[in-house]
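> Dropping a prediction and its sequence here:
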Amino acid sequence: MSLTSQFVANLKRFRLVTFDVTDTLLRLNDPLRQYQQTAEEFGVTGVDRRKLEQCFRQQFKAMSSEHPNFGRFSPEMDWQQWWLKFVAQTFICVDQGLSHEKLEKIGHRLITHFRTSTCWNHVEGGQELVQSVRNAGKCVGIISNFDPSLPQVLDTMGYAGKFDFILTSYEAGFMKPDRRIFEIPLKRLDIPADQALHIGNKLDLDYEGARNCGWSGLLVNDNSNQHSFANLSDLLETLKTKEIKW
């Protein structure tokens, strides 16, 4: 994969380039459908999708408030238990008559299932962009609000060996946009903030989070500023063909 001179010039100032994952490099494949299908495997049929979506959003907000960062600092709760409780509460919200045993089985199956390629799709342009950045000689990493299973997800989606490090919020103990999660790789690699670039899809978590720590940022699925692009393919094409003003 050859690099254009403009691509090299655009990234010249950076020694470190990091990526968000969900909806930046990878996209979930209809998670509510996965919940419905898994419930059906254990005899729970006729789950109303609208009700399931309402309960999913409600319980995710509640769990994230009560046990932030996938239960990172919640006593007697690891990240898997966080997901088990979330799944159970979501389905109880839909149907209070489900047994604890059945909810446990559904939860364990979903935890396993969401770490496979069945539940994820590649965002167009992602693999090419990551490889191009690597070919440009940059240190390439991941900074993501995710549980410790992220390396497994990336491996199963063909990203094995493509990153110099994978930093999850669970490992860091801080979630984006907390500046401390962006400071960790700088300290580990002894790289100044003005030589680091983060690419993500959330204005507050990724773009502003990075810039508030002295990084540069690029944003996809957004059109809010000069560093925003409709999608990853447009970002890649711009890096190849146009000068970006940092």
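Nice, I can see it.

> just for this protein, where's the confidence low?
By pLDDT under 70, the low-scoring segments of the chain are 1.

> Looking at the record's assignment, how would you partition it?
5-25+123-241, 31-118 (automatic domain parsing).

> which ones are touching residue 72?
Contacts for residue 72 (Cβ atoms under 8 Å, 6 or more residues apart in numbering) come out as 79, 169-170, 173. All C-beta spots, glycine's among them, are computed from the backbone N, C-alpha and C.

> now do 7 Å
By Cβ atoms under 7 Å, 6 or more residues apart in numbering, the contact list for residue 72 reads 170, 173.

> Need the three-state assignment for residue 243.
Here residue 243 is recorded as coil under DSSP: H, G, I helix; E, B strand; the rest coil.

> so how many other residues sit close to it?
Neighbour count for residue 243, taken as other Cβ atoms under 10 Å: 10.

> Can you tell me how far it is from residue 38?
According to Cβ to Cβ, to the nearest Å, residue 243 and residue 38 sit 48 Å apart.

> Run through the residues that contact residue 115.
Contacts of residue 115 (Cβ under 7 Å, 6+ apart): 149, 152-153, 156.

> repeat that for 10 Å
By Cβ atoms under 10 Å, 6 or more residues apart in numbering, the residues touching residue 115 are 147, 149-153, 155-156.

> before we move on, what about residue 210?
Each residue near residue 210 by Cβ under 10 Å, 6+ apart is listed here: 18, 20, 143, 176-177, 179, 181-182, 193, 196-200, 216-219.

> Go again with 8 Å.
Going by Cβ under 8 Å, 6+ apart, residue 210 touches 182, 196-198, 200, 216-217.

> Would you quantify the distance from residue 218 to residue 210?
9 Å.

> so what's in contact with these two at the same time?
197-198, 200.

> Ranking by neighbours, what's the top pick from those?
Within the shared contacts of residue 218 and residue 210, most neighbours by other Cβ under 10 Å means residue 200, with 28 neighbours.

> quick revisit: turn the shared contacts of residue 218 and residue 210 into a markdown table, columns for secondary structure and distance to residue 163.
Listed next are these as a markdown table, based on DSSP: H, G, I helix; E, B strand; the rest coil; distance: Cβ to Cβ, whole Å:
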| residue | secondary structure | distance to residue 163 |
| --- | --- | --- |
| 197 | strand | 14 |
| 198 | strand | 13 |
| 200 | strand | 15 |
